[in-house]
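Q: Build me a model from this:
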Amino acid sequence: MKKLSRVVLGSVCTVLAAAALLTGCKKNESKVVAGDENTPGWSIPENVKQKVKFDWYVNFSWFARHWGDSKVSKYITEKTGVDINFIVPAGNEAEKLNTMIAGDVLPDLITLGWYEGQVPLMIDSGYVCALDELAEQYDPYFFKAANAQKLNWYRQKDGHVYGYPNASFTPSDYEKYAGKLTSNETFLVRKDLYETLGRPDMSTPEGFLKALRNAKAMFPKVNGQNLIPFGTTEFSDVGCSQLQATLAHFLAISPEEDGKYVDVNLGLTENPEYLRWLKVLRTAYQEKLLTKEMFIDKRSQIEEKASNGRYFCMLYQNWDMQTAQNTLYANDPDSIYIAVPGPKNSKGDDPVLAGGGISGWTITMISKKCKDKGKAIQFLTYLISEEGQMDTNFGIQGETWEYDENGVPCLLPEIRALDSENKNRQETEIGVQYTYWMLMDTAWQTQFPVEYAPSLGQPQLWTVPYVHSYAVYDGLTIPSGSDEDLIYADIQRKWGKVLPDLIQARSDEEFDEIVAEFNAYKRSKGIDKVQKLQTKLMNENKLKLR
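A: Numbers count the residues shown, from 1 in each chain. Here you go, the predicted structure:
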């Protein structure tokens with residue numbers, strides 16, 4: 001996911017600083033009948049009769065769904081009186097959103113990653129409404145439907161909440177759904193090759209290297225192409241996510257050290273456990289067990305190679321392997337990737353894998369340009385309510401789901417089969433399983449039995465015993481344009497160059513020299529200042545979550 005360019009962000013800020021004061025959200029501009037704390041506004045018949053079509057901007061160029069094509073979207077429109085026109089950027093997301101912000105032409109609803117720089121920009125510049133203010137005026141039921149911990153998490157210094165998250169897991173969710181939550185962080189091996197090798201222990205440096213050597217020797221070609229002993233996610237100008245956070249989690253490295261926050265994205269180059277495994281990768285590279293393409297392949301190329309089963313093992317987000325796993329399973333069920341114990345620290349501790357965070361994935365906001373703010377907050381309340389979650393996850397009772405003999409809602413067999421065999425068609429024609437994911441509550445969904453496709457289940461279920469909440473480390477966002485922000489960006493870019501250099505170092509001595517130079521660089525640039533601010537933000541998070 002791309003971060004906003006600081007240069008572009010700065011220019012947008014300049015435009016906003018010169019803009020006139022915007023119309024506030026409190027003024028009653030809607031004709032909807034206000035609900036109350038026991039009656040959701042969207043359910044009032046007079047409001048359902050008031051039809052509206054919202055422009056909803058989704059800041060992800062890959063999102064390809066339309067409202068009104070599927071059964072579920074038509075059903076929701078009939079139930080609420082709300083129609084949707086999705087707007088999706090054709091190219092660079094940041095450029096599209098920045099243009100709309102600078103031109104003061106934001107659509108009614110906006111969904112974007114919580115981590116994007118435009119979030120505080122739009123809040124501070126007065127371009128989005130306070131949801132709590134709208135709810136007080138038009139739909140007090142919002143406060144019953146919304147999760148109090150999530151609202152508190154996203155509450156700004158002015159006391160207001162401007163966005164609501166999807167895919168958010170609160171600390172209480174980890175208690176409520178203990179034993180059911182999963183992680184996307186996995187160490188994957190190709191099942192048939194791994195079993196032919198005798199299911200080797202790859203949790204130690206020696207076992208890891210031996211397995212890669214044996215795999216390359218025994219299976220030099222797969223489907224007529226060279227085997228790739230090890231793969232991971234793409235490298236960018238700021239590093240590689242799986243060789244940063246995910247590797248640290250497999251090694252059970254805490255983000256805190258002596259009460260201070262230690263940011264893995266700035267290189268854990270003072271941690272002996274982390275360096276130990278980077279040296280393992282260095283050895284593997286020198287033995288040609290890692291390829292140069294590892295540093296240049298983009299996600300599409302990695303997915304293509306995975307779909308062809310070319311990797312022996314991968315440190316990878318298992319849910320991003322869905323397409324590859326389905327393709328492999330269709331050709332040969334034994335050729336799929338399964339999760340096994342991956343790298344461990346020298347003590348042999350179990351991994352501490354990240355489950356969903358309280359910040360979630362995206363937040364949805366209501367623009368001050370919204371054509372009907374009352375209807376918008378009522379629609380948002382509907383979507384985050386249990387009824388809205390039932391509709392967007394399961395669809396229409398009797399048509400897409402029904403209760404089983406135990407009173408549990410289940411998708412009808414033909415809908416389950418379609419979702420498993422042709423997800424694109426399911427989402428286009430039916431629209432269940434969070435086709436419209438903008439406000440999905442994946443923690444809520446956890447209460448229901450999950451029927452994984454046979455190609456997908458094992459990697460997810462393998463992670464269950466190791467899932468951990470990293471909520472207190474969510475959202476340690478440094479103010480854009482601050483000294484700490486500039487230092488952070490500088491060190492992160494440097495790390496993006498250093499990580500490949502470490503893996504490609506010709507000797508351990510050269511590796512150690514690169515580490516020493518990088519550590520000196522971090523100190524000279526002022527990493528202590530960054531760490532001090534991040535630690536302060538971390539401690540504020542702890543207070544929020546009490």
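
Q: make it CA atoms for all contacts and neighbour counts henceforth
A: Will do.

Q: Tell me which residue lies nearest the centroid of the protein.
A: Taking Cα atoms, centre = their mean as the criterion, Trp361 is the residue nearest the geometric centre of the chain, at 4.5 Å.

Q: which stretches of the stretch 301-450 of the chain form helices?
A: Under the criterion DSSP state H, counting those that start in this stretch, helices of the stretch 301-450 of the chain are mapped to 322-331, 373-384, 386-393, 413-421, 423-429, 442-445.

Q: Now do the same contact list for the residue nearest to the centre of the chain.
A: Residues near Trp361 by Cα atoms under 8 Å, 6 or more residues apart in numbering: Gly113, Trp114, Pro165, Asn166, Ala167, Ser168.

Q: Distance from stretch 340-350 to the middle of the chain?
A: Here the centre of mass of C-alpha atoms in stretch 340-350, compared against the chain's by Cα atoms, centre = their mean, to the nearest Å, lies 25 Å away.

Q: In PDB, list the C-alpha atoms belonging to it.
A: Listed next in PDB are the C-alpha coordinates belonging to stretch 340-350 (Å, rounded to 0.1, in the frame of the first residue of the first chain):
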ATOM      1  CA  VAL A 340       4.700 -25.100   9.100                       C
ATOM      2  CA  PRO A 341       6.900 -23.800  12.000                       C
ATOM      3  CA  GLY A 342       9.200 -21.200  10.500                       C
ATOM      4  CA  PRO A 343      12.300 -19.300  11.900                       C
ATOM      5  CA  LYS A 344      12.500 -19.300  15.700                       C
ATOM      6  CA  ASN A 345      14.800 -17.400  18.000                       C
ATOM      7  CA  SER A 346      17.800 -19.100  19.700                       C
ATOM      8  CA  LYS A 347      15.600 -20.100  22.600                       C
ATOM      9  CA  GLY A 348      13.100 -21.900  20.400                       C
ATOM     10  CA  ASP A 349      10.200 -19.700  21.500                       C
ATOM     11  CA  ASP A 350       6.900 -20.000  19.700                       C
END
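
Q: what's the most buried one of the helices of the stretch 301-450 of the chain?
A: Of these, the one with the most neighbours on average (mean count of other Cα atoms under 10 Å) is helix 373-384, at a mean of 25.

Q: what does it contact?
A: Under the contact criterion Cα under 8 Å, 6+ apart, helix 373-384 has outside partners 25, 29-32, 34, 40-42, 47, 80, 82, 109, 131, 134-135, 137-139, 141-142, 145-146, 366, 370, 388-389, 392, 439-441.

Q: Mean pLDDT and distance to Cys313 for the helices of the stretch 301-450 of the chain - can I get that in JSON lines?
A: JSON lines is the format used below for the helices of the stretch 301-450 of the chain (pLDDT from 0 to 100; distance: least, Cα to Cα, whole Å):
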{"stretch": "helix 322-331", "mean pLDDT": "93", "distance to Cys313": "14"}
{"stretch": "helix 373-384", "mean pLDDT": "98", "distance to Cys313": "39"}
{"stretch": "helix 386-393", "mean pLDDT": "98", "distance to Cys313": "33"}
{"stretch": "helix 413-421", "mean pLDDT": "91", "distance to Cys313": "25"}
{"stretch": "helix 423-429", "mean pLDDT": "94", "distance to Cys313": "26"}
{"stretch": "helix 442-445", "mean pLDDT": "94", "distance to Cys313": "28"}
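
Q: Redo the ones you listed as JSON lines? Include distance to Ile491.
A: As requested, these are arranged in JSON lines below (distance: least, Cα to Cα, whole Å):
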{"stretch": "helix 322-331", "distance to Ile491": "34"}
{"stretch": "helix 373-384", "distance to Ile491": "39"}
{"stretch": "helix 386-393", "distance to Ile491": "42"}
{"stretch": "helix 413-421", "distance to Ile491": "43"}
{"stretch": "helix 423-429", "distance to Ile491": "41"}
{"stretch": "helix 442-445", "distance to Ile491": "34"}
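
Q: out of those, nearest to Pro89?
A: helix 423-429 (19.5 Å; Cα to Cα).

Q: who's Leu353 bridged to?
A: Bridge pairing for Leu353 (DSSP bridges) gives the partners Val467.

Q: which residues sit in contact with it?
A: Under the criterion of Cα under 8 Å, 6+ apart, the contact partners of Leu353 comprise Ser183, Glu185, Thr246, His249, Phe250, Thr463, Tyr466, Val467, His468.
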